[in-house]
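> sequence unknown, structure follows:
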Ligand code: PEP
């Protein structure tokens, strides 16, 4: 059975003060979580988050990393540096990085391999734009994004260490959420793509939904058979909203 995973992506938000406030509230509830919870703060707050979260069950993740192991790469952060801060997860291929930083599928694939080899669990983000959906190309885009990453890995064991986040680009930060059935169809399709590489891995890999997940739509989305959790942007910056989404995941874990 795949345990639900709820991940907060704080993006480029926060300050020392707001980080401490958010973690104070979220961390206090972590023991009752019942599902897995992770937060991905900006790099500069990883140390602070690591210190605060070490007393809780909440895992830590980064929002990106370099595709290179070390060297003359000004401004970059390597996978092994992230493990120094006890990061378990790293987001890779978020649409904001694909769009604003020109990250290709191949870049995302190289980063994924680098992350796995350093012992991190990559959360690989995939998803179509509105134009691609309107043109009937959603499944082509998802298949390409998944296969390029899976082809770069060396074994089904490596594939199993992946988490995928289906994030339709049109739903991110827009307040428009994919309906539960649209999201479920995409998740089931992603699982079929993974099965072409390894049937076992396809059943183990968690596929998170991301894109304006909020307390009022989380339960319906998370109840879908192929939706194994959420990647939460805006709502993860509000402790009570984030905790409500976690509660929805916990309730579903309890009935499964
Ligand atoms: C995201 O950017 O990963 C995301 C899901 O954002 P939001 O929840 O704000 O749509």
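Yep, that arrived. These numbers come from a predicted model, not from an experiment. Numbering: from 1, shown residues only.
> tell me who's in contact with residue 236.
With contact set as CB atoms under 8 Å, 6 or more residues apart in numbering, residue 236 has these partners: 7, 8, 9, 10, 39, 242. In this view, the C-beta of every residue, glycine as well, is placed from N, C-alpha and C.
> swap the cut-off to 10 Å and go again
With contact taken as CB atoms under 10 Å, 6 or more residues apart in numbering, residue 236 is in contact with 6-11, 13, 22, 26, 39-41, 213, 230, 242, 245.
> one more: residue 187?
Neighbour list for residue 187: 142, 164, 166, 178, 207-209, 221, 224-228 [criterion: CB under 10 Å, 6+ apart].
> helix, strand or coil: sort out it for me.
helix (DSSP: H, G, I helix; E, B strand; the rest coil).
> got it, and the one 4 residues further on?
Put simply, residue 191 is helix when judged by three-state DSSP.
> tally of neighbours for the residue nearest to it when sequence neighbours are not counted?
What sits nearest to residue 191 in space, not counting adjacent residues and going by CB to CB, 6 or more residues apart in numbering, is residue 202, at 5.1 Å. By the measure other CB atoms under 10 Å, the count of residues near residue 202 is 20.
> quick check: residue 202 is in a helix.
Yes: assigned with three-state DSSP, residue 202 falls within a helix.
> tell me if I'm right that it and residue 192 touch.
Yes: taking contact to mean CB atoms under 10 Å, the distance of 7.5 Å between residue 202 and residue 192 places them in contact.
> show me which of the contacts of residue 236 neighbour the ligand.
9, 213 (CB under 6 Å from any ligand atom).
> which ones among the contacts of residue 236 map onto strands?
Secondary structure assignment (DSSP state E) places 6, 7, 8, 9, 39, 40, 230 from these within strands.
> export these to CSV and tack on neighbour count?
Formatted as CSV, those follow (neighbours: other CB atoms under 10 Å):
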residue, neighbour count
6, 28
7, 24
8, 26
9, 26
39, 25
40, 27
230, 29
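> thinking again about what came up before, among the contacts of residue 187, name the ones in helices.
Secondary-structure check on the contacts of residue 187 using DSSP state H: residues within helices are 142, 221.
> sorry, back to before: TSV for the ones in strands among the contacts of residue 236, including distance to residue 149 and pLDDT?
As requested, those are exported to TSV (distance: CB to CB, whole Å; pLDDT from 0 to 100):
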residue	distance to residue 149	pLDDT
6	22	96
7	18	97
8	23	98
9	19	98
39	23	97
40	19	98
230	21	98
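> which one of these sits closest to the ligand?
Lowest distance from the ligand to the ones in strands among the contacts of residue 236 (CB to the nearest ligand atom) belongs to residue 9, with 4.4 Å.
> correct me, but the closest one touches residue 92?
No: counting by CB under 10 Å, residue 9 sits too far from residue 92 to count as a contact (11.9 Å).
> joint contacts of the two?
For the pair residue 9 and residue 92, residues contacting each of them under the criterion CB under 10 Å, 6+ apart are 63, 123, 125, 165.
> the third one and residue 158: what is the separation?
Yep, that's residue 125 we're talking about. Here the criterion is CB to CB, to the nearest Å. By it, residue 125 lies 18 Å from residue 158.
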